[in-house]
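Q: need coordinates for the following:
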Amino acid sequence: MSDHHSADGHDDRAPAVSVLAQDLVLDSGDVGEFLTKLVTIAGHTLSAKDDEVLCGVTLLRERTRTTVASNGPDAQKMDEVQYEYDDGPCLRAAREGFVHYVSDFESEERFPEYSRAIAGHGIRSALGVPIRLEGEATAALNFYSPLVDAFSGDAIEAAERFAAEVSASLRLAVRIAKLTESGANMRAAMESRTTIDLAVGVIMGQNRCSQDAAMTILKTASSSRNIKLRDVAASVLQSLGQGPATTHFD
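A: Numbering: from 1, shown residues only. This next block holds a predicted model:
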């Protein structure tokens, strides 16, 4: 990839990434848009005239593997090949926390099945760069090239700088996702509680019994029918024509 280098041997395509990222943040509507723009620039930066580099960001959370940004559908597809085999330089970079570089998949021995599969798609070299996150989530910046030994030392350094910029935004995205999931779970729990409480009140009125006795009736029905308590409570309300209960958070 001689097109990458100036006369002094340094990569002349690696921009001041932090300055670039600041501009992208200002011009982006959300985290996803920012990441997509950044990987598009990262892929272009590591490309040459005869080598269009594919770039994507893989996020690993619990049992899920997701490409959260890519510079095109081909990059997404190459990530999915890696997910299919559950191995490769990018997944290893995310899981182990250090750079994995494959200079030629035709002679690569670390993951033979995946190497044969990715070579079948015309990819000869790949680079996985870890992205530093917090907690259980891990991630990597992924680069794929149709050329052998496509990534020089300078290119790898540039990729690491891009990964550092992706890190801050991806940490924010993961944190937002956790808060959103937590909020959705809390909402579901509170709506379930509202339905049960209303049904208990109905049973108390119909049977002239205490709250504890009404709850016992609900639990007995749930157990004998093998139906969730909330669903039994909902059926009680529907029998009165009240429809589903709504919890207001305002």
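
Q: pLDDT score for the residue in the chain sticking out farthest from the centre?
A: Going by CA atoms, centre = their mean, the residue of the chain most distant from its centre is residue 208, 52.5 Å out. With respect to pLDDT, residue 208 scores 86.

Q: phi and psi next, for it.
A: When read as degrees, to the nearest 10, the backbone of residue 208 gives phi 50, psi 50.

Q: and it, how far from residue 196?
A: For residue 208, the distance to residue 196 (CB to CB, to the nearest Å) stands at 20 Å. Just so you know, the C-beta spots here come from the backbone N, C-alpha and C atoms, and that holds for glycine as well.

Q: can you confirm residue 129 is in a strand?
A: Yes: according to DSSP: H, G, I helix; E, B strand; the rest coil, residue 129 belongs to a strand.

Q: now do the same contact list for it.
A: Going by CB atoms under 8 Å, 6 or more residues apart in numbering, residue 129 touches 93, 99, 140, 141, 142, 143, 156, 159, 160, 162, 163.

Q: let's go with 6 Å and repeat that
A: Residues near residue 129 by CB atoms under 6 Å, 6 or more residues apart in numbering: 93, 99, 141, 159, 160, 163.

Q: neighbour-wise, which of these leads?
A: In terms of neighbour count, residue 141 stands highest of these at 30 neighbours, by other CB atoms under 10 Å.

Q: on the three-state scheme, that one is what?
A: Applying three-state DSSP to residue 141 yields a three-state assignment of strand.

Q: is it in contact with residue 165, as I believe?
A: No: shown here, residue 141 and residue 165 do not form a contact pair, counting by CB atoms under 6 Å, at 9.6 Å.

Q: okay, buried residues for the helix or strand where residue 43 lies please.
A: Element membership for residue 43, per DSSP states H and E: helix 31-45. Neighbour-count burial for helix 31-45, counted by 16 or more other CB atoms under 10 Å, picks out 31, 34, 35, 36, 37, 38, 39, 40, 41, 42, 43, 45.

Q: restrict whichever strand or helix holds residue 222 to CA atoms and write it as PDB.
A: Residue 222 belongs to helix 211-225 when assigned by DSSP H and E. Extracted C-alpha coordinates of helix 211-225, given in PDB (Å, rounded to 0.1, in the frame of the first residue of the first chain):
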ATOM      1  CA  GLN A 211     -56.800  -7.600  50.100                       C
ATOM      2  CA  ASP A 212     -54.800 -10.700  51.100                       C
ATOM      3  CA  ALA A 213     -57.700 -13.000  50.400                       C
ATOM      4  CA  ALA A 214     -58.200 -11.400  47.000                       C
ATOM      5  CA  MET A 215     -54.500 -11.800  46.100                       C
ATOM      6  CA  THR A 216     -54.700 -15.500  47.200                       C
ATOM      7  CA  ILE A 217     -57.600 -16.000  44.800                       C
ATOM      8  CA  LEU A 218     -55.600 -14.500  42.000                       C
ATOM      9  CA  LYS A 219     -52.500 -16.600  42.800                       C
ATOM     10  CA  THR A 220     -54.600 -19.800  43.000                       C
ATOM     11  CA  ALA A 221     -56.100 -19.100  39.600                       C
ATOM     12  CA  SER A 222     -52.700 -18.400  38.200                       C
ATOM     13  CA  SER A 223     -51.300 -21.600  39.500                       C
ATOM     14  CA  SER A 224     -54.200 -23.900  38.600                       C
ATOM     15  CA  ARG A 225     -54.400 -22.500  35.000                       C
END
